[in-house]
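# have a look at this prediction, sequence included:
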There are 2 protein chains.
Amino acid sequence: MSIARNDATTSELRHDWLADRWVIIAPQRTERPFDFVHYVDVPNEIVQCPFCWGCESSTPEAVAKYVRADARPSDKWSVRVVPNKFPAVQGRPIISSAADEEPNGSVDRIDLFKRRELNGGHEVIVESPLHLNSISQLALEEVHLVFRAYRDRLRYWLHERKACYAVVFKNVGQDAGASLVHTHSQLIATDLLPPDVLRATERMQLFKQKEDACLFCRMVDDEIQQEDRIVEQTTDFLAFCPFASRLPALITIVPVVHESHFETLDDGKLKQVAWLTHRMVRRIEKCYPQAAYNFVIHTVPGCQEGGEYFHWRLELFPRLTKVAGFEWGSDCYINPLAPEDAAENLRSAGV
Amino acid sequence: MSIARNDATTSELRHDWLADRWVIIAPQRTERPFDFVHYVDVPNEIVQCPFCWGCESSTPEAVAKYVRADARPSDKWSVRVVPNKFPAVQGRPIISSAADEEPNGSVDRIDLFKRRELNGGHEVIVESPLHLNSISQLALEEVHLVFRAYRDRLRYWLHERKACYAVVFKNVGQDAGASLVHTHSQLIATDLLPPDVLRATERMQLFKQKEDACLFCRMVDDEIQQEDRIVEQTTDFLAFCPFASRLPALITIVPVVHESHFETLDDGKLKQVAWLTHRMVRRIEKCYPQAAYNFVIHTVPGCQEGGEYFHWRLELFPRLTKVAGFEWGSDCYINPLAPEDAAENLRSAGV
């Protein structure tokens, strides 16, 4: 893995307005010696991959299936959504603010051992009947189907099941938290609004109130003007490396014109996002071969009434660094790759 | 690596009062299939380890040295503190609240590209002249010297150099963010108070104000009464697996009687902490062979006047899980090992 450096020899603090967090950009850290052989994922010899064609009975029954337009009659599915057999979240989600209440408030002494049930759902989006290991290996039409599944399942959980929070995410490679190789994504829906999501909604609301403008609409304008952190642009979407990225080569994809909900995107825009994401994954794979990566789609939480202030976004990041003791103790991240350099690397990668 | 399970088959939310964050305890997740061969660190063939005896000129000059009582005259050092050759932080720390100001407040429009210099220091504590790879391989007297170095260097940065924040941490193994094998720890001092540290200080103050008691003093009492999360106890210190741990087998070591400052510990207590930490590392290595691990010492920040409300603590955790897309998008952690089970595993490990 090659990490380019800019000319800086000392660290710089950059403020991430959305998370209200300072990030340490420290390009000089890439100079340090490294004692270990870099990991490369080695698949275990498994008898049967539960996501492959013909093994459908290894998973719970599909809640949704998608088939390519040019499929043969024998092709039963191209993309398949199933409940996670080992779910982190189960049960029936309802809009609830229980988790946000101050534990036991004024009545008694503070309870340091407060617990409650977690309700929601956990689904797997199997992206191909073939044993491929990255979304970049799919044909564009298949990627469209995957993004249709994201849209449909987010809509189901947020609008029909009234989940407080729902997120689509992807873990590729052991370092990114994947347990299976076969290309797939996941959806988790909960009746809990997680702390970073709550903070992001509060910060977007604060920006709106102070500036009478959307934080990301402003950021898009500024990024287009400054140019140096942009990786690629389509008619309706921008892919860029944010100014205060806490991870190296993190890419954010946002709609250029304000939009709160990923799950109500029309087909045309959905295809554009699918195309752009696919291309960004290929750029990452070109720049950082064999790197694990994640992506996460942040749409407006279900428990935020209206939520017009929210600007949805997709975050995509290779896992080039590890979370070390300093970060665990502080939530302050050291990023050894300046986002301007990351964007330049990614732009130059022929895809 | 074996992760024990409790009887639960569904997830439970637990509230971490200090961080004001819910954690998902999901023991049923350990059942899921795993496609990858688990990594084992393989050292690169390096010509010369910069931390070994005889290679002192590979690092900047030592700022402190400690020698065993029974050392031969030719033993120049047993523990050696040097400025990090590739520092994440440099310069002169002073008490500063610059980083906590609301970026550009009311004057102009909000600046989304705010940056500033980072001042402070970054040191390495080389724990042995021998090429050992864990603190558990040191003799107890050597561990005492390492903890003396922690205490002295924290005192220097916090009290003499007036750093706003200083932290000692240890990364062992590639998964824990280490770049070198040779057993060592690090200290970072900054003029920035990181977000998680700020939040912890605010929560401890809030608890004090609401309950007229210290959060950790209360927690120690409750844990001793409940018993099932305790790993080990000495006269003055308790080692336990906190109720709402976001990582599996995380151990917190705290003074039983209230104490804000690690860096003013007397020699007797310092030796007890060193002994207990050493023992906890050995328990972790016994339960989870070859696992990477971190520890972090949280003492009261320099920029918190007085800070009597603060209770110092050491957090130690093997790296058994990866931070995946869900966690990155939410700061909500899924811990597959109930702390009660972790404590039982760790207690049973013969050390």
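Nice, I can see it.
# show me the helices in the stretch 101-250 of chain A, by range?
Taking DSSP state H, counting those that start in this stretch, the helices of the stretch 101-250 of chain A run over residues A:140-155, A:195-211, A:215-226.
# which of those has the highest mean neighbour count?
Highest mean neighbour count of these: helix A:140-155, a mean of 21 (counted as mean count of other CB atoms under 10 Å in any protein chain shown). Any C-beta I mention is one placed from the backbone N, CA and C, and that applies to glycine too.
# low-confidence regions, chain A specifically.
By pLDDT under 70, the weakly predicted segments of chain A are A:1-8, A:44-47, A:92-107.
# what's the burial count for the residue lying closest to residue A:80 once chain neighbours are set aside?
Distances taken as CB to CB, 6 or more residues apart in numbering or on different chains place residue A:126 nearest to residue A:80, at 4.5 Å, with adjacent residues excluded. By the criterion of other CB atoms under 10 Å in any protein chain shown, residue A:126 has 27 neighbours.
# wait, what's in contact with the closest residue to residue A:133 other than its chain neighbours?
Among residues not flanking residue A:133 along the chain, residue A:181 sits closest, at 5.0 Å (CB to CB, 6+ apart). Neighbouring residues of residue A:181 by CB atoms under 8 Å, 6 or more residues apart in numbering or on different chains: A:41, A:43, A:49, A:131, A:133, B:35-36.
# look up how far residue A:273 lies from residue A:181.
From residue A:181 over to residue A:273 the distance is 25 Å, taken as CB to CB, to the nearest Å.
# kindly report the same for residue A:112.
44 Å.
# and these two? Which one has more around it.
residue A:273 (26 against 21).
# ok, the more buried one touching residue A:147?
Yes: with contact defined as CB atoms under 8 Å, residue A:273 reaches residue A:147; the gap is 6.3 Å.
# ok, the residue nearest to residue A:80 touching residue A:81?
Yes: at 7.5 Å, residue A:126 counts as touching residue A:81 under the criterion of CB under 8 Å.
# what residues does the stretch 151-300 of chain A put near chain B?
Applying CB under 8 Å from any CB of the partner chain, we find that the stretch 151-300 of chain A lies next to chain B at A:165, A:167, A:169-171, A:174-182, A:186, A:188, A:192, A:194-197, A:207, A:210-211, A:215, A:218-219, A:222, A:226, A:243, A:294-296, A:298.
# same thing but 7 Å
Applying CB under 7 Å from any CB of the partner chain, one finds that the stretch 151-300 of chain A approaches chain B through A:167, A:169-171, A:174-177, A:179-181, A:188, A:192, A:194-197, A:207, A:210-211, A:218-219, A:222, A:243, A:294-296, A:298.
# quick one: the strands in chain A, in order.
A:12-16, A:21-25, A:64-66, A:79-83, A:115-117, A:120-126, A:165-172, A:184-190, A:230-233, A:237-240, A:251-255, A:293-298, A:313-318, A:334-335 (DSSP state E).
# I'd like those written out as CSV, with distance to residue B:319 added.
Formatted as CSV, the strands of chain A follow (distance: least, CB to CB, whole Å):
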stretch, distance to residue B:319
strand A:12-16, 25
strand A:21-25, 21
strand A:64-66, 35
strand A:79-83, 29
strand A:115-117, 25
strand A:120-126, 23
strand A:165-172, 16
strand A:184-190, 22
strand A:230-233, 31
strand A:237-240, 31
strand A:251-255, 26
strand A:293-298, 17
strand A:313-318, 19
strand A:334-335, 17
